[in-house]
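Asks: Fold the stuff below for me.
(chains A and B)
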Amino acid sequence: MTDKNATPKSAGVWTMIFTDVHFWVPTIVLLAGLVVLHWIR
Amino acid sequence: MESSAAKMILPSIESARLRKLQLVGIVCGFGAGAWLGAAEAPTKLVKLGVSPLVVSLLMVVGVFLARWSLPALIRGTGQVRADIRQAPHLIVWGILAGCLWAVANTLTIFAIRDIGLSIAFPLWNINSLLGIFWGYLLFNELRDAGKIRWLTVLGGALLMFAGATLLAVASSAQSPAEHPLRGIFAALGAGVLWGTMYVPYRKAYLTGMNPLSFIAFFTIGELGTMLTLAVAYGGGPDALFHQLELAKPVLFWLMLGGFVWVIGDLFQQYAAKYIGISRGIPLSNTNQLWGLLWGILVFGELRGLSTSLYAQVIGGSLLMAAGAGAIALSSVTGKEHARWKQAADREGQRYKVDAGYVEAGLSGNDSTNPGSQVSIQSARTWLDWLLVIAATTIFISLAVLARAPNMALNWPALAALAAAMLIFLFACGIALWKTTRFN
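Replies: Got it, this is the predicted structure:
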């Protein structure tokens, strides 16, 4: 059965995302990619 | 209040079911290669002086249309809403993956401009090696897999890389590099971005999200980023509008490329879900072989080369095929799958996702009815049909406006490759339907 109480609130979701190390891996790579793009264009 | 997610321990998936899911993942990986490789074909018909950024933007518009209409047609948008309720954080991950894709795709345009497709393509295909690294480091892939499986996956990926390099050397005979350093940075950058893009993919699928829902959010990040880049680097909104006017006769071909790409990407997503990113990405990277087949057979590229260069092309292709074969044969063992489940446990606990939902997603069952391997009837609403009708109408209108390409094409070869794609489409579609009902 689906537990509706398990669904976190919006502010909590952002906290969970920002404290997740995994989130920063693609975010940093994305920023680095934008820098490279700006340089080579 | 403590949720069921807080202390979940996911039950094991029975081994027969696991084998079936892996087979589906492998078929989808090869299907992804065929469709992703063909996605470049319509763009080859575009010979106007349209900016590469606008070409990319228009492909993404095609992608956007396909990504909202196909899920609506297959499952209905109600299923997407059900997925959001269970795992709202994945909206952010989906958008982030879309942003990564858009920047990577733009980098490939500059890479092709500076060093040519044939060199750039294998460079950005390092994404599969990076995918293996992220899969191992972040999601327990290949842990407890044993030496033989490590050898086949890593060896297969390296074989594919070597094959891709041979193909690049062979076909670069026709495209001398203009700005080698910039081009190499762009191609490598694209590879790193695409390799890292699979982190959000895996994150989503370990948490049980359906690929059809994930791509809906992915495309928002993709279109938003592409539009921003096109305006920022294309000289502002007026210049962009002028370019779009110029591109009117070729809009259909570009958006068709985007549509074909979406189908390939959808299969890639299912491959990432059922065999992980360490195996799924290399298999979908067989797209280079398909791209080469389209180039040589349909568009007459590489004509008049020396025998040694043809030998390189054949050798490179065989290496890639051997590498893909090795990876396809490297099945996930029960021990390794147990490590995947640990990663899924961790994700579920961190984001407080319902254990039944996560388990249903991992085993390819209906997450809204976790105990069942058969989906509840996906009810489509008027909104779903509206999305499908709107996308179809736009494509038909653009097809009417489109100008027929003034190029010599090998039509029998085109028909044969299109038939091969359809075979993959049916094979993947039937495998997914029979095993998971697209769950």
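
Asks: State the helix or strand in which the residue sitting nearest the centre point of chain A lies.
Replies: Residue closest to the average C-alpha location in chain A (CA atoms, centre = their mean): A:Phe23, at 4.0 Å. Element membership of A:Phe23 [criterion: DSSP states H and E] is helix A:21-40.

Asks: Identify the spatial nearest neighbour of B:Ser331, chain neighbours not counted.
Replies: Take B:Ser331 and drop its neighbours on the chain: the residue closest to it by CB to CB, 6 or more residues apart in numbering or on different chains is B:Gln22, 5.6 Å away. The C-beta positions use only the backbone N, C-alpha and C, and glycine is treated the same way.

Asks: In chain A, where is pLDDT below threshold?
Replies: Scanning chain A for pLDDT under 70 picks out A:1-9.

Asks: and B:Leu142, which of the three is it?
Replies: coil (DSSP: H, G, I helix; E, B strand; the rest coil).

Asks: What is the neighbour count of the residue nearest to it when sequence neighbours are not counted?
Replies: Among residues not flanking B:Leu142 along the chain, B:Tyr136 sits closest, at 5.2 Å (CB to CB, 6+ apart). Here the number of neighbours of B:Tyr136 (other CB atoms under 10 Å in any protein chain shown) works out to 19.

Asks: quick one: B:Tyr136 and B:Ser278 touch, right?
Replies: Yes. Using CB atoms under 8 Å, B:Tyr136 makes contact with B:Ser278 at a distance of 6.7 Å.

Asks: Can you tell me the element the residue nearest to B:Ser331 falls in?
Replies: helix B:15-38.

Asks: and that helix, what does it pack onto?
Replies: helix B:251-275, helix B:277-284, helix B:287-293, helix B:307-329, helix B:334-350, helix B:411-436 (3 or more CB pairs under 8 Å, 6 or more residues apart in numbering or on different chains; DSSP states H and E).

Asks: Rounded mean pLDDT for it, please.
Replies: For helix B:15-38, mean pLDDT is 88.

Asks: Quick one: mean pLDDT for the helix or strand following it?
Replies: Counting by DSSP H and E, the element after helix B:15-38 in chain order, helix or strand, is helix B:52-74. The average pLDDT for helix B:52-74 rounds to 82.

Asks: quick one: helix B:52-74 to helix B:411-436, angle?
Replies: Angle, helix B:52-74 to helix B:411-436, by axes from the mean of the first three to the mean of the last three CA atoms, to 10 degrees: 50 degrees.

Asks: Skip ahead from helix B:52-74 and say which helix or strand is next.
Replies: helix B:77-86.

Asks: Low-confidence stretches in the stretch 201-350 of chain B?
Replies: For the stretch 201-350 of chain B (pLDDT under 70), the answer is none.

Asks: Pick out the residue in it sitting closest to chain A.
Replies: B:Tyr233 (5.5 Å; CB to the nearest CB).

Asks: didn't that residue look like it was pressed against B:Leu53?
Replies: Yes. Using CB under 8 Å, B:Tyr233 is in contact with B:Leu53, at 5.9 Å.

Asks: Which of those two has more residues huddled nearby?
Replies: More crowded of B:Tyr233 and B:Leu53, by other CB under 10 Å: B:Leu53, with 22 against 17.

Asks: Burial check on B:Ile327, number of neighbours?
Replies: Using other CB under 10 Å: B:Ile327 sits among 30 other residues.

Asks: Excluding chain neighbours, what is closest to it?
Replies: Here the residue nearest B:Ile327, using CB to CB, 6+ apart, is B:Gly156, at 3.9 Å.

Asks: Per-residue pLDDT of the one you found, please?
Replies: In this prediction B:Gly156 is given a pLDDT of 84.

Asks: Next one: B:Ala404 from chain A, what distance?
Replies: For B:Ala404, the distance to chain A (CB to the nearest CB, to the nearest Å) stands at 33 Å.

Asks: likewise B:Thr106?
Replies: Counting by CB to the nearest CB - B:Thr106 and chain A are separated by 6 Å.

Asks: so that residue sits right up against A:His38, yeah?
Replies: No. Contact criterion CB under 8 Å: B:Thr106 and A:His38 do not qualify, at 10.8 Å.

Asks: Which SSE is immediately downstream of whichever strand or helix holds the residue nearest to B:Ile327?
Replies: If you go by DSSP H and E, B:Gly156 is part of helix B:147-171. Once helix B:147-171 ends, the next helix or strand along the chain (criterion: DSSP H and E) is helix B:180-206.

Asks: Just the buried residues of that following helix, please?
Replies: Buried residues in helix B:180-206, counted by 16 or more other CB atoms under 10 Å in any protein chain shown: B:182-206.

Asks: and it, how far from the chain's centre?
Replies: 12 Å (CA atoms, centre = their mean, to the nearest Å).

Asks: and it with helix A:21-40, angle?
Replies: 160 degrees.

Asks: Check which residues of the next helix or strand along the chain from helix B:180-206 are buried.
Replies: Along the chain past helix B:180-206, the next helix or strand (assigned with DSSP H and E) turns out to be helix B:211-233. Residues of helix B:211-233 classed as buried: B:211-227, B:229-231, B:233 (neighbour count, 16+ other CB under 10 Å).

Asks: quick one, what contacts the residue nearest to B:Ser331?
Replies: B:Gln22 makes contacts with B:274-275, B:331-332, as judged by CB atoms under 8 Å, 6 or more residues apart in numbering or on different chains.

Asks: same question, B:Ile281
Replies: With CB under 8 Å, 6+ apart, B:Ile281 has these contacts: B:127-128, B:131-132, B:195, B:198, B:268, B:272.

Asks: Then B:Ala39?
Replies: For B:Ala39, counting by CB under 8 Å, 6+ apart, the contacting residues are B:257-258, B:260-261, B:264.

Asks: how many neighbours does the nearest residue to it once chain neighbours are set aside have?
Replies: Nearest residue to B:Ala39 in three dimensions, chain neighbours excluded: B:Trp261, at 3.7 Å (CB to CB, 6+ apart). Neighbours of B:Trp261 under the rule other CB under 10 Å: 26.

Asks: show me what contacts B:Trp261?
Replies: B:35-36, B:39, B:59, B:62-63.

Asks: change it to 10 Å
Replies: B:Trp261 is in contact with B:35-36, B:38-40, B:42-43, B:59-60, B:62-63, B:66-67, B:105, B:268, B:287, counting by CB atoms under 10 Å, 6 or more residues apart in numbering or on different chains.

Asks: Quick check: the gap between B:Ile296 and B:Phe161.
Replies: 21 Å (CB to CB, to the nearest Å).

Asks: Which of these two has more residues huddled nearby?
Replies: B:Phe161 (21 against 17).
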